[in-house]
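S.K.: no sequence on this one, just coordinates:
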Ligand SMILES: NC(=O)C1=CN([C@@H]2O[C@H](COP(=O)(O)OP(=O)(O)OC[C@H]3O[C@@H](n4cnc5c(N)ncnc54)[C@H](O)[C@@H]3O)[C@@H](O)[C@H]2O)[C@@H](O)CC1
Ligand SMILES: [K+]
């Protein structure tokens with residue numbers, strides 16, 4: 001499934017109207033009809049009182065269709081119009097005129113006391129938010145702001161259905177500059193909007209569903225646009241490497257994890273365990289020799305390469321030890337727990353120069369150590385995957401975290417193209433970008449994952465899928481999704497406070513099992 005922004009939605013609507021000849025009022029009628037179906041199926045009681053709040057743009061136009069159709073179905077319905085009727089134009093006016101001609105119930109709220117709105121909101125069982133759609137610009141003006149605050153007082157108590165997007169959320173950035181409706185459910189047209197997955201958006205959108213309004217599925221090809229894709233369970237099922245029944249440990253690849261230091265003993269272990277429990281045939285852990293006994297005692301499932309160290313971090317001799325061994329590994333993860341050690345930049349440079357064509361996942365402080373040698377990455381013959389969190393991304397680009405968070409898709413896309421890397425920008429909703437300009441968004445994520453060690457688990461999973469023969473995109477898509485779903489599910493039994501990296505690995509096994517059932 002694709003994800004669209006305001007401009008692309010406008011292009012699609014325009015194409016359907018102008019080139020295919022389907023009038024906008026038909027699209028609006030379809031849109032309203034689909035929302036009505038969802039309201040009925042989500043209704044909290046048999047005879048709900050429904051309040052439709054409509055603005056003056058086309059989102060309000062959808063609201064007039066919804067209100068008319070609900071009246072015709074016999075529902076106890078009230079339409080509240082928050083703009084003066086003479087402000088309604090175009091397709092919305094056509095449907096408004098039909099509504100008026102039919103003499104269906106309407107309250108003119110633009111010049112009435114806000115107490116009236118308040119009492120209507122309180123009486124309703126279901127509130128339909130058709131105030132503002134993708135056309136919102138800047139913070140919501142009054143009386144929208146006050147009305148939205150009243151709607152939000154009912155959040156969690158009543159069914160709040162937003163039409164297309166919660167009013168006040170920017171469909172491109174997810175930003176809420178003033179206030180926005182906290183929807184229980186958003187029924188969106190054609191494709192989910194970028195704003196559902198960015199910045200404030202996820203906190204407002206609730207459960208969402210994309211519905212068909214007769215914009216044809218071929219439209220993306222017809223318009224020749226490259227939209228971000230949503231990571232779905234189907235995409236993941238097609239991305240996780242299939243295991244031949246007669247496979248042996250040689251079939252499933254050999255992962256090398258390079259990391260660890262005196263202060264970070266656990267990180268490389270989490271990566272190694274995650275790699276093994278996501279199906280890798282063999283996992284070797286290359287750690288500084290001073291932490292090797294501890295690591296091996298904690299994690300006997302891996303093979304070990306204890307490397308020369310100096311004060312608890314890798315020393316330059318470790319590179320010589322690795323040089324004749326690297327060819328035997330199918331995929332390599334560098335970084336978990338490696339730390340920022342003196343001479344680390346030169347150390348990283350030497351290690352990257354030794355690798356030939358294996359896919360390499362670069363994470364954590366390896367990203368820091370490589371920050372001034374990105375040309376090496378560009379020249380590398382194999383695939384390189386970076387998995388930064390927003391802080392690491394900001395450092396790679398000399399930007400602030402705020403700048404990164406304000407343009408996650410744009411930044412990920414540009415970086416992946418500029419340096420020829422596959423990039424997984426972590427966050428509440430992770431963004432994946434490829435060197436050829438494709439973008440994927442993970443709709444899952446959970447605060448249970450907001451702990452040290454979660455990222456190491458993700459790195460291990462990606463490297464594991466690579467070792468089993470998946471492409472970089474398949475590995476990132478599958479790992480990101482299953483990792484997030486594991487966090488969500490584990491939080492149900494352990495609470496989001498209680499989920500740790502080892503629980504996460506356990507949850508990933510469960511997710512893999514569910515995928516194949
Ligand atoms: N034919 C089409 O184009 C279709 C459009 N659809 C609906 O149309 C919506 C987009 O319609 P529009 O482009 O008319 O835009 P909206 O209806 O989202 O909003 C535009 C209206 O909001 C006002 N506005 C903008 N920013 C504001 C702010 N900060 N505070 C208060 N008022 C503000 C504008 O003055 C204008 O009246 C979609 O979200 C969707 O619901 C659907 O009906 C499907 C078909
Ligand atoms: K809306």
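M.R.: Alright, I've got the coordinates. Everything numeric in this text was worked out from a predicted model, so none of it was measured. Residues are numbered from 1 along each chain as shown. Ligands and ions are numbered 1, 2, ... in the order given.

S.K.: and the residue in the stretch 401-517 of the chain that ligand 2 sits nearest to, what element?
M.R.: Here the residue of the stretch 401-517 of the chain nearest ligand 2 is residue 443; by Cβ to the ion that distance is 19.6 Å. Any C-beta I mention is one placed from the backbone N, CA and C, and that applies to glycine too. For residue 443, there is no helix or strand it lies in under DSSP states H and E.

S.K.: Would you mind confirming that it is in contact with residue 429?
M.R.: Yes: with contact taken as Cβ atoms under 8 Å, residue 443 and residue 429 are classed as touching, separated by 6.6 Å.

S.K.: Those two: which is more packed in?
M.R.: The neighbour comparison of residue 443 against residue 429 (other Cβ atoms under 10 Å) goes to residue 429, with 22 against 18.

S.K.: In contact with the closest residue to the more buried one other than its chain neighbours, which residues?
M.R.: Spatial nearest neighbour of residue 429, chain neighbours left out: residue 197 (4.1 Å); criterion: Cβ to Cβ, 6 or more residues apart in numbering. Going by Cβ atoms under 8 Å, 6 or more residues apart in numbering, residue 197 touches 3, 174, 429, 441, 443.

S.K.: Of these, which pair is most distant in space?
M.R.: Farthest-apart pair in these is 174 and 443; separation 12.6 Å (Cβ to Cβ).

S.K.: residue ranges for the helices of the stretch 151-300 of the chain, please.
M.R.: Along the stretch 151-300 of the chain, the segments classed as helices by DSSP state H, counting those that start in this stretch run 201-205, 219-223, 233-237, 266-277, 292-298.

S.K.: starting at the chain centroid, how far to the first one?
M.R.: Mean-position distance between helix 201-205 and its chain equals 12 Å (Cα atoms, centre = their mean, to the nearest Å).

S.K.: Show residues contacting that helix.
M.R.: With contact meaning Cβ under 8 Å, 6+ apart, helix 201-205 is reached by 162, 165-166, 168-169, 174-176, 180-183, 186, 193, 195-196, 428-429, 445.

S.K.: just checking: which of the residues you listed also lie near ligand 2?
M.R.: residue 162 (Cβ under 5 Å from the ion).

S.K.: Where does residue 36 sit, in terms of helix or strand?
M.R.: Using DSSP H and E, residue 36 maps to helix 24-42.

S.K.: What helices and strands are in contact with that helix?
M.R.: Helix 24-42 sits against helix 6-18, helix 58-72, helix 90-101, strand 126-130, strand 159-163, strand 185-189, strand 207-211, with contacts defined as 3 or more Cβ pairs under 8 Å, 6 or more residues apart in numbering; DSSP states H and E.

S.K.: hmm, try it at 6 Å
M.R.: Packed against helix 24-42, as judged by 3 or more Cβ pairs under 6 Å, 6 or more residues apart in numbering; DSSP states H and E, are the following elements: helix 58-72, helix 90-101, strand 159-163, strand 185-189.

S.K.: Could you check how far the top helix by length along the chain is from the centre of its chain?
M.R.: Longest helix in the chain, counting residues (DSSP state H): helix 472-498. Distance, stretch centre to chain centre, for helix 472-498: 12 Å (Cα atoms, centre = their mean).

S.K.: ok, now stretch 5-16?
M.R.: Distance, centroid of stretch 5-16 to centroid of chain: 22 Å (Cα atoms, centre = their mean).

S.K.: what about it and ligand 1, touching?
M.R.: Yes: applying Cβ under 6 Å from any ligand atom, one finds stretch 5-16 touching ligand 1 at residue 13.

S.K.: can you give me the mean pLDDT across that stretch?
M.R.: Averaged across stretch 5-16, pLDDT comes to 94.

S.K.: And stretch 296-315, what's buried?
M.R.: 296, 299, 302, 304, 305, 306, 307, 309, 312, 313, 314, 315 (16 or more other Cβ atoms under 10 Å).

S.K.: Looking at those residues, spot the one nearest ligand 2.
M.R.: Nearest to ligand 2 among those, with distances taken as Cβ to the ion, is residue 299, at 50.7 Å.

S.K.: nearest spatial neighbour of that closest one, skipping sequence neighbours?
M.R.: residue 269 (4.6 Å).

S.K.: cool, and residue 313?
M.R.: The shortest distance from residue 313 to any non-neighbouring residue, by Cβ to Cβ, 6+ apart, is to residue 341 (3.8 Å).

S.K.: neighbours around the closest residue to residue 430 other than its chain neighbours, how many?
M.R.: With Cβ to Cβ, 6+ apart as the criterion, residue 430 has its nearest non-adjacent residue at 4.4 Å, and that residue is residue 442. Neighbour count of residue 442, defined by other Cβ under 10 Å: 25.

S.K.: Ramachandran angles for residue 442?
M.R.: In this entry, residue 442 is assigned phi and psi values of phi -90, psi 120 (degrees, to the nearest 10).
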